[in-house]
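Chemist: generate a structure from the sequence data that follows.
(one chain, ligands or ions: 3)
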Amino acid sequence: MRYETVIGLEVHVQLNTKSKAFCSCSTEFGAEPNSHVCPVCMGLPGSLPVLNAASAEKAVLAGLALGCNIQKVSCFDRKNYFYPDLPKAYQISQMYMPVCLGGGVTIESEDGQTKTINLTRIHIEEDAGKLVHGEGADAEFSFVDLNRSSIPLIEIVSEPELRSASDARLYMQKLRTILLYADVSDCNMEEGSMRCDANISIRPVGQEKFGTRVEIKNMNSFRNVQRAIEYEAKRQEQVLSEGGTIRQETRLWDNNNNITLPMRSKEDAEDYRYYPDPDVLPLVLDDKFINDMKARLPELPDSRRKRFMEDYGLPLDDADLLVSDIKYASYYEEAVKAHNSPKMVANWVMGEVLRVVNDKNCGIYDTNISPASIGELVALIESNKISGKQAKEVFALAVESGKTPATIVKESGMEQVSDTGALEAIVQKVIDESPAESARYRAGEVKLQGFFVGQIMKASQGKANPKLVNDILKKLLS
Ligand code: ADP
Ligand code: MG
Ligand code: ZN
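Modeler: Numbering: from 1, shown residues only. Ligands and ions are numbered 1, 2, ... in the order given. Below is the predicted model of the structure:
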């Protein structure tokens, strides 16, 4: 029996607002435990939550960037459950009337196909607090940190339309790129700003009905999402091939042993006893608000990639890499604006600049070399002021010192001699000093060209423009 994997992802994204979803406490990461709390986010009786406008704005920006239908009226519901990090014993969420419906994410699958994965919905909800388990002398205690309690999240739910673990990873990566463009989250997966629950089932190829799904909770890296799905699909196949049945359950990804482990049998929506939150007003949006958000969105990656190929003549792979991060894309465009040589500039950004980004593990704007300097450097090469080899040195010096390439070239006297008159004088002098070689060259021994070039470079202290030297040499020796 051959099986097909069916995957739907629920992705939680922490919105990058300054204050929490329903109070004015700070959302700053890594603060002293319980230093960003108030009666509202601690869930004290009598406190009243009021939705922060920035949370609504960011949720709508995300929805617009993902092509969703923005709902003019959406409502908040209570999702009830007990856990020590949740003092109210419910989370404020949007069950029945979410802020966004529909939308989709387009991926370039590894099989070469372009696929659009439809979204079911996006809703706003608040995060829970965090349990910190004690160590050493505190090993028998657990502590509650409510700094994260009520930080705004959106949950992005896909239709069960993904068919492979690698497509699921590509979907996550594309989603992250788009959300970073829309500036709704820092999408920092290590800090948990973007985390994924994967729903996985398998069915015999050709069967329409979906199999029973298993949910794998809270994965926070692309690699883990892909590996967990691969593992889980194989596990389910094993169970079915042995005549067993799949239980609907929630499992955990065990990162150290590369397996999924059962966590609990899956609760259904009924178990949460969702009901409309009587304390929180519906979110009502007008056309002006939605249009203002549209105006705030930058050009999105797919459109930008197309434009890079059309306007700058870049190959697909270059355009893909340059738009994969909004900062790479704008850095590149600033450099091209400084010197209009799109392909050469792309090569320098993708090669040398991104190498520094990787080595220093820093942002592209923190490499110490500006986009204008990259433009200037390419201009110096193309006007024959410096050779490609020298350009690499200039680049390294620029990154080290923060000086511009033109300044470095001037200060180090690196500039190539491209003045034809001056070069002709040097070439003539070398020819005059080597009468025997000149005669042999003129008699047809053209391989002596190398000897002459070497002498000329020496005479010019390496500064002669090699291309001009060759031309002049041919002229004067012929
Ligand atoms: P819950 O919030 O309880 O997990 P939802 O109905 O919102 O349940 O579904 C969550 C996710 O499960 C969605 O992304 C959906 O696409 C996916 N899904 C639903 N049925 C299946 C299935 N049979 N196989 C794989 N994924 C599924
Ligand atoms: Mg779920
Ligand atoms: Zn608060």
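Chemist: with just CA atoms, put the helix or strand containing residue 58 into PDB.
Modeler: Taking DSSP states H and E as the definition, residue 58 sits inside helix 53-65. Provided in PDB are the C-alpha atoms of helix 53-65 (Å, rounded to 0.1, in the frame of the first residue of the first chain):
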ATOM      1  CA  ALA A  53      -5.000  49.300  18.700                       C
ATOM      2  CA  ALA A  54      -1.500  48.200  17.600                       C
ATOM      3  CA  SER A  55      -2.500  44.500  18.000                       C
ATOM      4  CA  ALA A  56      -5.500  45.100  15.600                       C
ATOM      5  CA  GLU A  57      -3.300  46.900  13.200                       C
ATOM      6  CA  LYS A  58      -0.600  44.200  13.100                       C
ATOM      7  CA  ALA A  59      -3.200  41.400  12.700                       C
ATOM      8  CA  VAL A  60      -4.800  43.200   9.800                       C
ATOM      9  CA  LEU A  61      -1.400  43.900   8.200                       C
ATOM     10  CA  ALA A  62      -0.600  40.200   8.400                       C
ATOM     11  CA  GLY A  63      -4.000  39.400   6.900                       C
ATOM     12  CA  LEU A  64      -3.500  41.800   4.000                       C
ATOM     13  CA  ALA A  65       0.000  40.500   3.300                       C
END
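Chemist: give the buried residues for that helix.
Modeler: Across helix 53-65, burial judged by 16 or more other Cβ atoms under 10 Å covers 54-65. (Each C-beta comes from the backbone N, C-alpha and C, glycine too.)
Chemist: now swap in stretch 385-393 and tell me
Modeler: By neighbour count with 16+ other Cβ under 10 Å, stretch 385-393 contains the buried residues 385-387, 390-391.
Chemist: most proximal residue of the protein with respect to ligand 1?
Modeler: Nearest residue of the chain to ligand 1: residue 8, at 2.2 Å (Cβ to the nearest ligand atom).
Chemist: picking that back up, quick one: which of the buried residues of helix 53-65 is nearest to ligand 3?
Modeler: Distance to ligand 3 across these (Cβ to the ion) is lowest for residue 55, with 13.2 Å.
Chemist: pLDDT value on the closest one, please?
Modeler: What the model reports for residue 55 is a pLDDT of 98.
Chemist: which SSE is residue 195 in?
Modeler: Following DSSP H and E, one finds residue 195 within strand 194-204.
Chemist: if you count neighbours, what's buried in that strand?
Modeler: So for strand 194-204, counting by 16+ other Cβ under 10 Å, buried means 194-203.
Chemist: before we move on, back to that, mind checking what helix or strand follows the helix holding residue 58 in sequence?
Modeler: Note on helix 53-65: by DSSP H and E, the next helix or strand toward the C-terminus is strand 69-70.
Chemist: after that following strand, which helix or strand is next?
Modeler: Counting by DSSP H and E, what follows strand 69-70 is strand 73-74.
Chemist: all set, thanks.
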